[in-house]
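Novice: have a look at this prediction, sequence included:
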Amino acid sequence: MSGELYVALDDSNHAGKTGGEVIAAVFSHNLDMAQLARFPKKKSRSYMKHYLRGHHANFRFTTLMHDICATKPYNLPWVAPFLVRNYLDSLEDKAFHIDEMYIFLDGLVQPAWVDIMMEDFNDFDFDMSIRNFYGKKNKKYPQALILAHMRATSLFRTVFDKLVNMKEYVPVPLEQLLEREKMFAGHAV
């Protein structure tokens, strides 16, 4: 079986505060998750659970401590390969072949960052498209990106000790993160 994978990444938007940051990624093979919609007026847990279950969406997340991420505008593309590869490695149906992966990012993304992300997955045999969404409040976003936003915000409110014990938590080795930062630092906004 083959198909498309829709991936959306967002952060909890707390990098400027002392609490650090939660980066969430939502994964789905359902085309509905790529459909554009406005943010719901009420970001309820029931809405999030409905879409995660009803659209067969999964998620992964990681955390970045304040001293690591406070001044970095590239947090999403910086950690994206760790979250995406973790999900790809976990696919139960190894017979499922991904023809194309669409990655949706919240916020500004430099063209050089897109190039770096494309290189991150050049060992896979699928086409890839990366698109960022940034703008005014009434703008439409892919439903997967709305869920990633809601998930990141919800997880940020969770006690850290509980977060790191969740099965969806992906620890990112600091050494690898710092090595990877060298690629992004020269292309900051």
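Specialist: Here it is on my side, so go on.

Novice: quick one: contacts for residue 170?
Specialist: 60, 61, 62, 82, 83, 86 (Cβ atoms under 8 Å, 6 or more residues apart in numbering). Every C-beta, even on glycine, is put in place using the N, C-alpha and C of the backbone.

Novice: select only the buried ones of those residues in PyMOL?
Specialist: Entered in PyMOL, the line below selects the buried ones among the contacts of residue 170, by 16 or more other Cβ atoms under 10 Å:
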select buried, resi 60+61+62+82+83+86
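
Novice: show me the contacts of residue 170 that map onto helices.
Specialist: Among those, DSSP state H puts 82, 83, 86 in helices.

Novice: ok, back up a step: so which of the contacts of residue 170 is the closest to residue 129?
Specialist: residue 83 (17.3 Å; Cβ to Cβ).

Novice: can you get me a residue count around the residue lying closest to residue 126 once chain neighbours are set aside?
Specialist: Spatial nearest neighbour of residue 126, chain neighbours left out: residue 98 (4.6 Å); criterion: Cβ to Cβ, 6 or more residues apart in numbering. Look at residue 98: counted by other Cβ atoms under 10 Å, it has 17 neighbours.

Novice: thinking residue 98 is in contact with residue 127, fair?
Specialist: No. Using Cβ atoms under 8 Å, residue 98 makes no contact with residue 127, being 9.2 Å away.

Novice: for this protein, give me the ranges with low pLDDT.
Specialist: By pLDDT under 70, the weakly predicted segments of the chain are 1-2, 14-19, 41-55, 66-71, 92-95, 136-138, 187-189.

Novice: in it, which spans are helices?
Specialist: Going by DSSP H, the chain shows helices at 45-54, 66-69, 75-90, 111-120, 143-156, 160-163, 174-185.

Novice: out of the ones you listed, which is closest to residue 35?
Specialist: helix 143-156 (5.7 Å).

Novice: for that closest one, C-alpha coordinates in CSV please.
Specialist: Extracted in CSV, the C-alpha atoms of helix 143-156 (Å, rounded to 0.1, in the frame of the first residue of the first chain):
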residue,chain,number,x,y,z
GLN,A,143,-6.1,21.0,10.1
ALA,A,144,-2.9,19.1,11.0
LEU,A,145,-1.2,22.4,11.9
ILE,A,146,-4.1,23.5,14.0
LEU,A,147,-3.8,20.2,15.9
ALA,A,148,-0.1,20.6,16.3
HIS,A,149,-0.6,24.0,17.8
MET,A,150,-3.2,22.7,20.2
ARG,A,151,-1.1,19.7,21.2
ALA,A,152,2.0,21.9,21.8
THR,A,153,0.0,24.3,24.0
SER,A,154,-1.6,21.5,25.9
LEU,A,155,1.7,19.7,26.5
PHE,A,156,3.4,22.9,27.7
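
Novice: state the distance from the residue nearest to residue 171 when sequence neighbours are not counted to residue 122.
Specialist: Once flanking residues are discounted, residue 171 sits nearest to residue 62: 6.9 Å by Cβ to Cβ, 6+ apart. As judged by Cβ to Cβ, to the nearest Å, residue 62 and residue 122 stand 22 Å apart.
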